[in-house]
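**Q** Here's a sequence, model it:
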Amino acid sequence: MLRVLPLAFFALLMGAAPPGGNDIVLRDKVELTKDVILLGDVAALGAGVPAEAAELPLGNAPWPGQCRELSRVLVKVRLLSAGFDVNQFQFAGSDVCTVRLESVRIDGEQLVEAARRHVLTFFPPGGPRVDLQLTRDVGPVEVAAGESLPELRPVLRTQGAPVGSVRVDVDVVRDGVRLKRVPVGFSVRVLRTVAVARRKVGAGDRFSRRDVVLAERDVTSVRGGCVGSIEELSGKVAAQDVGPGQIITRRALADAESPVVIEPRQRVFLVVETAGLRVSTLGQSLGRARMGEVARARNLVSGREVVGIAAGEGVIQVLTGAKSDAKQICQAVPGT
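**A** Numbering: from 1, shown residues only. Predicted structure coming up:
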């Protein structure tokens, strides 16, 4: 007797003592896989306890990751409410049973990684470098266990391109049912290698290689396409002042004007080119013209006005459509 009594007392404290005929032995803790807690889930019932008492609901199971405590007093109240005579039962075991819902834990790192990969799908492979900074920590979540594992489905909640302040909701889904929604916030920056002014370039000034350097910069909030190579600046002038360290955009560029190659009343060469023949004669320009512009001049031999294109310094290419002018120039040159 001295050996049996301590063992029985120890088992009673642990909530594991075998129930007698009318005993209701409350367990110390249980883990469930369902939403409603029944008496049979939290207590061992003796053979003399009515079978329907095992199906007596005691309340809802806790949320995943949470605990709920059911006391012996609550069990008695539920039995009385259901019409049972609690005096016919012997209550033993724990005073309070701690109930947990069997759950699956999803680490915060998994949620953040799913959101990060989703944001990156909006940027083409081989495109700009994208820097994502988490705006606040994301902790682990727990969802109820099930026959199948939950999956993560991120959804972008930010309007427009995912740059600047971006929110992604990561839904934890099982069999098409959303179990949990976790918001994940990022600060998203887009970085490109762009042309940056090394010194001030005034409006109307031509860009030169010594004025510009290529460097990686944050272009998230830059309006207009950024110049990505030195070659793009060839033949361009600044449409507005560009300060040192400023990213050069295509909106800040303008085509440089062609140089003036014909001045008024300048002696010029009037050139005509035909199949296998190139002849020229002297003329006097009738106005100023830049390279490639239409230029007018007077043929000093015939005295007639001719029309052509400014083709170089003091050179006018007479338009081949002006057949009479071209013919006069050819005739003015001996041997043609």
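**Q** how about the nearest residue to residue 298, chain neighbours excluded?
**A** Leaving out its chain neighbours, the residue that sits closest to residue 298 by CB to CB, 6 or more residues apart in numbering is residue 284, at 5.1 Å. (Each C-beta comes from the backbone N, C-alpha and C, glycine too.)
**Q** Check residue 153 too.
**A** If the residues on either side of it in the chain are set aside, residue 153 comes closest to residue 171, at 4.6 Å by CB to CB, 6+ apart.
**Q** give me the low-pLDDT residue ranges for this structure?
**A** The chain contains residues with pLDDT under 70 at 1-20, 320-336.
**Q** Alpha carbons of the strand or helix carrying residue 192, as PDB, please.
**A** For residue 192, the host element (DSSP states H and E) is strand 177-197. Output of strand 177-197 as PDB, limited to C-alpha atoms (Å, rounded to 0.1, in the frame of the first residue of the first chain):
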ATOM      1  CA  VAL A 177      -9.600  29.000 -48.700                       C
ATOM      2  CA  ARG A 178      -7.700  31.900 -47.200                       C
ATOM      3  CA  LEU A 179      -6.500  31.200 -43.700                       C
ATOM      4  CA  LYS A 180      -4.500  34.300 -43.000                       C
ATOM      5  CA  ARG A 181      -3.500  37.600 -44.700                       C
ATOM      6  CA  VAL A 182      -0.100  39.200 -43.800                       C
ATOM      7  CA  PRO A 183       0.800  42.700 -45.100                       C
ATOM      8  CA  VAL A 184       4.400  43.100 -46.100                       C
ATOM      9  CA  GLY A 185       5.800  46.600 -46.800                       C
ATOM     10  CA  PHE A 186       8.900  47.500 -48.900                       C
ATOM     11  CA  SER A 187      10.700  50.700 -49.900                       C
ATOM     12  CA  VAL A 188      11.600  49.900 -53.500                       C
ATOM     13  CA  ARG A 189      14.400  51.800 -55.400                       C
ATOM     14  CA  VAL A 190      15.300  51.400 -59.000                       C
ATOM     15  CA  LEU A 191      19.100  51.900 -59.800                       C
ATOM     16  CA  ARG A 192      20.500  52.400 -63.300                       C
ATOM     17  CA  THR A 193      23.900  53.300 -64.800                       C
ATOM     18  CA  VAL A 194      23.200  56.800 -66.100                       C
ATOM     19  CA  ALA A 195      24.900  59.900 -67.300                       C
ATOM     20  CA  VAL A 196      25.700  62.400 -64.500                       C
ATOM     21  CA  ALA A 197      27.000  65.900 -65.000                       C
END
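**Q** Which is the succeeding secondary structure element to it?
**A** That would be, after strand 177-197 and using DSSP H and E, strand 212-218.
**Q** Against residue 266, how distant is the residue nearest to residue 298?
**A** According to CB to CB, to the nearest Å, residue 284 and residue 266 sit 7 Å apart.
**Q** More neighbours: which of these two?
**A** Between residue 284 and residue 266, residue 266 has the larger neighbour count (other CB atoms under 10 Å), namely 17 against 14.
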